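Visitor: Predicted model and sequence follow; I will ask about them next.
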Amino acid sequence: MIEKLKEIVRHRELIATLVSRELKARYRGTVLGFLWSLVNPLLLMIVYTVVFGFIIGGARAPGFEGNKWMYALFLFNGILPWTWFSSSLLESANVLSVQGALIKKIKFPVEVLPIMVVTTNMVHFLLGLPILVAFFLIFGKPLTVWALFLPVSVLAQYILTLGLCFFVSALTVHFKDIKDILANLITLWFFATPIIYTYDSVPRALQIVLNFNPMTHIIESYHYSFFIGSLPHYKRFSVTIVVGLLFFFLGYLLFDRLRDTYVEEV
Amino acid sequence: MDAVRVRDVTKYYKKHADSHKFLTIKSALVNKTLFGDLQAGERFEALRGVSFDLAAGRTLGIIGENGSGKSTLLKILAGISRPTSGEVVTQGRISALIELGAGFHPEISGRENIFINGVILGLNRRQIQEKYEEIVRFAELEDFIDNPVKSYSSGMFMRLGFSIAINVNPDILLIDEVLAVGDASFVPKCLDKINEFRRNGKTIIFVSHDLGTVERICDEVIWVRKGLVEMRGYPKRVVDAYLEYVGRKDEAQTLARHGEEASAAQGREERWGSREVEITGLRMFDGQGREKYIYHPDEPLAIEFDIAAAVPQDDFVFGVGVFNGEGVQVYGTNTLLEEYAARSLSGNGTVSLRLPGLGLVNGTYFLDVAVHKRDGYPFDYHHFQYTFRVASSLRDVGIARLRHEWEFSGGIDFGKNENP
């Protein structure tokens, strides 16, 4: 396993090249260029702010004191990392077949492809961060020193997401309907994660359910380091990291186990 | 030293049952066959125990029909797919030209794609930078290199792909049919480059249907048939054996078709005459006296037919006509035209017509064989009853293959003949 991880590290130049290819290709020929990576989370934030902030009244929840702009800020804080997570999963369901020529026609380290997907979407996420910071400044919400916790959250999310993407990309090669199931599952997962509501506003019984969702603690860690401005709940977060590593190893094992089948099945 | 060593390599592919095509996670979970579905079902044997060695610096051609397993073999050599059993050992860096421009992104420029494709093929950025000029120059894309690849013609695309792959500077080069799509002016350039590789002592494995090129550039050839090495050896020998095999197969199909046509067009006379003298059988032999029906263009051929005369005759002529596939008479002669004076014919006899060199181009030929009187009264006339085939890697055309030799003098230079 260690050998195989070293192998992945050896491919870093390839990964970097492919990620920059994806980024360049996506922004080529568009006027707004990289700003497009912000449009999706921004639109999502606006829609949810209007629906849950203005119509349903999510801003009345404790922590917002009825301030709809604070609610919008909170939403954006969670949607940004969530978009990274969900886009990665959806894209990894396609990546082996979209990049089929690489697998079938040349000797190519296949694990690079899910890594490419997660990394590319991470770059989109990172490009969105300055906007998040700008919103905090515009709405007069001060950032705290706990914002420096961000790299740890990013790392934890990266490992968990990649682990899941290994599962998804390996299995979709064999079971084509995973793609359709996945889209619904992700919508469900979105609502099962404290993004449009706060963790604290949920009844105790439901909180226990939420605790089983590793994305709860990942998103919470972003809330803590930006919106709340304190150290994340380190016990839950540590467990989440362990769970993330577990997913990563199991995902990679499955992916590696099925490696020889991709050439024929893609 | 062997650059490539292949030991008893087999490769099975899953044969897809119809149910497998619609395999879903739902059905797998419902039927609890999740792990079963990931196992191979019925198997198709693409390779069934292939072994060979290839010394460093040699050029090996692999030929065979579609589906014979040659591309599978090449993919295993390239490390793209793994053999089901057996072992492949290779010495040195491998570059496989199986698909050119794999990993090209249509939206971005040729320049950026060179770097991306180079990295995918295993170079680092510095190495690509060093070879960049050469890659662009060889691909003849100096004026287009900053345009997105989607604006390239298929020829430009292929040129760029080939140019990058060849500049990876491998020790072992694997080539699969990629030259088939190149434009007319670029293919010779690619072949020049391949010859340069040969001179520099690189090992090359070349898979192609272009038998002429295989014969020209390879040191030896392997013929793969139904997943096995059918034959290995000197290119001309293997190519000819392969052509003979393909020809025989074609012939069987052609004959089967002929049979259908004959029964469809019943009453069409293929044989006529009084049968006072009868032709009872016909065989064809090559120069060594071996019976065969597939010939090389300039090979000797002997046509031998048996005669049975029920009634003794003193007026008789033997004739043979050769027709090509379009029904054009290539040649015809008989004993009367060549002034053989008939004296007597009784009982059985054998007539043999020897051609020291066929002098025909590739194709299927039909024979008219007849015995008749001087005035044309037919005893037995066999029209288009016998067929043989000329097959080779030569590509000249016409009705006959005239004996010829090229000679050049003055300021004309063709370079060295590449034929070993």
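Guide: Noted; the coordinates are in hand.
Visitor: Right, and chain A sits closest to which residue of the stretch 201-350 of chain B?
Guide: Proximity of the stretch 201-350 of chain B to chain A (C-beta to the nearest C-beta) peaks at residue B:207, 13.6 Å away. In this view, the C-beta of every residue, glycine as well, is placed from N, C-alpha and C.
Visitor: Just list whatever residues bridge to that residue.
Guide: Applying DSSP bridges to residue B:207 yields these beta-bridge partners: residue B:62, residue B:176.
Visitor: distance of it from residue B:72?
Guide: If you measure residue B:207 against residue B:72 using C-beta to C-beta, to the nearest Å, the figure is 10 Å.
Visitor: okay, these two: which has more neighbours?
Guide: Neighbours per residue (other C-beta atoms under 10 Å in any protein chain shown) separate residue B:207 from residue B:72, with residue B:207 holding more: 24 against 21.
Visitor: Mind pulling the model confidence for that one?
Guide: Model confidence at residue B:207, expressed as pLDDT, equals 90.
Visitor: just residue B:2 next, same as before
Guide: Per-residue confidence at residue B:2 stands at 85 (pLDDT).
Visitor: hey, what's the nearest residue to it once chain neighbours are set aside bridged with?
Guide: Once flanking residues are discounted, residue B:2 sits nearest to residue B:53: 4.7 Å by C-beta to C-beta, 6 or more residues apart in numbering or on different chains. With DSSP bridges applied, residue B:53 shows beta-bridge pairing to residue B:5.
Visitor: Return the residues in contact with residue B:53.
Guide: Neighbouring residues of residue B:53 by C-beta atoms under 8 Å, 6 or more residues apart in numbering or on different chains: B:2, B:4, B:5, B:6.
Visitor: Show me the shaky parts of chain A.
Guide: In the prediction, chain A carries residues with pLDDT under 70 at positions A:29-34, A:37.
Visitor: hang on, the earlier thing: of the contacts of residue B:53, which is the nearest to chain A?
Guide: Chain A lies nearest to residue B:4 out of the contacts of residue B:53, by C-beta to the nearest C-beta, at 14.9 Å.
Visitor: who in chain A is up against chain B?
Guide: Counting by C-beta under 8 Å from any C-beta of the partner chain, the residues of chain A close to chain B are A:13-14, A:17-18, A:21, A:24-25, A:28-29, A:99, A:101-108, A:171, A:174-178, A:181, A:258, A:260-261, A:263-264.
Visitor: Of those residues, select the buried ones using a ChimeraX command.
Guide: Here is the ChimeraX selection string for the buried members of those, based on 16 or more other C-beta atoms under 10 Å in any protein chain shown:
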select /A:14,17,18,21,99,101,102,103,104,105,106,107,108,171,174,175,176,178,258,261,263
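Visitor: picking up where we left off before, the residue of the stretch 201-350 of chain B closest to chain A against residue B:71, yeah?
Guide: Yes - applying C-beta atoms under 8 Å as the test, residue B:207 and residue B:71 come out as touching, 6.5 Å apart.
Visitor: Where does the stretch 51-200 of chain B get nearest to chain A, which residue?
Guide: Checked against chain A (C-beta to the nearest C-beta), the nearest residue in the stretch 51-200 of chain B is residue B:99, 3.7 Å away.
Visitor: ok so that residue is a strand residue?
Guide: No - counting by DSSP: H, G, I helix; E, B strand; the rest coil, residue B:99 is not found in a strand; it is coil.
Visitor: Next one: residue A:4 from chain B, what distance?
Guide: When distance is defined by C-beta to the nearest C-beta, to the nearest Å, residue A:4 is 16 Å away from chain B.
Visitor: Skipping adjacent residues, who's closest to that residue in space?
Guide: Beyond its immediate neighbours in the sequence, the residue positioned closest to residue A:4 (C-beta to C-beta, 6+ apart) is residue A:256, lying 6.8 Å away.
Visitor: what do you get for residue A:67?
Guide: Nearest in space to residue A:67, with sequence neighbours left out and distances taken as C-beta to C-beta, 6+ apart, is residue A:59 at 6.2 Å.
Visitor: what do you get for residue B:390?
Guide: Counting by C-beta to C-beta, 6+ apart, residue B:360 is the residue found nearest to residue B:390 once chain neighbours are left out, at 4.8 Å.
Visitor: What of residue A:226?
Guide: Take residue A:226 and drop its neighbours on the chain: the residue closest to it by C-beta to C-beta, 6+ apart is residue A:77, 5.2 Å away.
Visitor: now swap in residue A:186 and tell me
Guide: Nearest non-adjacent residue to residue A:186 (C-beta to C-beta, 6+ apart): residue A:86, at 4.9 Å.
Visitor: so residue 44 is in which element?
Guide: As the question left the chain open, I've gone with chain A. helix A:36-48 (DSSP states H and E).
Visitor: wrong one, I was asking about chain B
Guide: Mapping residue B:44 onto the secondary structure by DSSP H and E places it in strand B:43-55.
Visitor: now residue B:278
Guide: Following DSSP H and E, the helix or strand that holds residue B:278 is strand B:277-285.
Visitor: Which positions within that strand qualify as buried?
Guide: For strand B:277-285, a neighbour-count test (16+ other C-beta under 10 Å) marks B:277, B:278, B:279, B:282, B:284, B:285 as buried.
Visitor: Redo these as TSV? Include distance to chain A.
Guide: Rendered in TSV, the data for the buried residues of strand B:277-285 read as follows (distance: C-beta to the nearest C-beta, whole Å):
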residue	distance to chain A
B:277	64
B:278	60
B:279	56
B:282	50
B:284	46
B:285	48
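Visitor: The strand holding residue B:278: how far from the chain's middle?
Guide: For strand B:277-285, the distance from its own C-alpha centre to the chain's C-alpha centre is 32 Å (C-alpha atoms, centre = their mean, to the nearest Å).
Visitor: neighbours of the residue nearest to residue A:139 when sequence neighbours are not counted, just the number please.
Guide: If you skip the residues right next to it in sequence, residue A:139 has residue A:69 as its closest partner in space, 5.1 Å away by C-beta to C-beta, 6+ apart. Residue crowding around residue A:69 was assessed by other C-beta under 10 Å; the count is 16.
Visitor: what's the spacing between residue A:69 and residue A:141?
Guide: Between residue A:69 and residue A:141 the distance, using C-beta to C-beta, works out to 9 Å.
Visitor: May I ask you to confirm that residue B:320 belongs to a strand?
Guide: Yes - under three-state DSSP, residue B:320 sits within a strand.
Visitor: And for it, the neighbour number?
Guide: With neighbours defined by other C-beta under 10 Å, the count for residue B:320 comes to 21.
Visitor: list the contacts for it?
Guide: With contacts taken as C-beta under 8 Å, 6+ apart, residue B:320 has the following neighbours: B:303, B:332, B:333, B:334, B:353, B:367, B:368, B:369, B:370.
Visitor: Among those residues, name the buried ones.
Guide: B:303, B:334, B:353, B:367, B:368, B:369, B:370.
Visitor: contacting residues for the residue in the stretch 301-420 of chain B that chain A sits nearest to?
Guide: Here the residue of the stretch 301-420 of chain B nearest chain A is residue B:393; by C-beta to the nearest C-beta that distance is 28.0 Å. For residue B:393, the contacting residues are B:211, B:212, B:214, B:215, B:239, B:243, taking C-beta under 8 Å, 6+ apart as the criterion.
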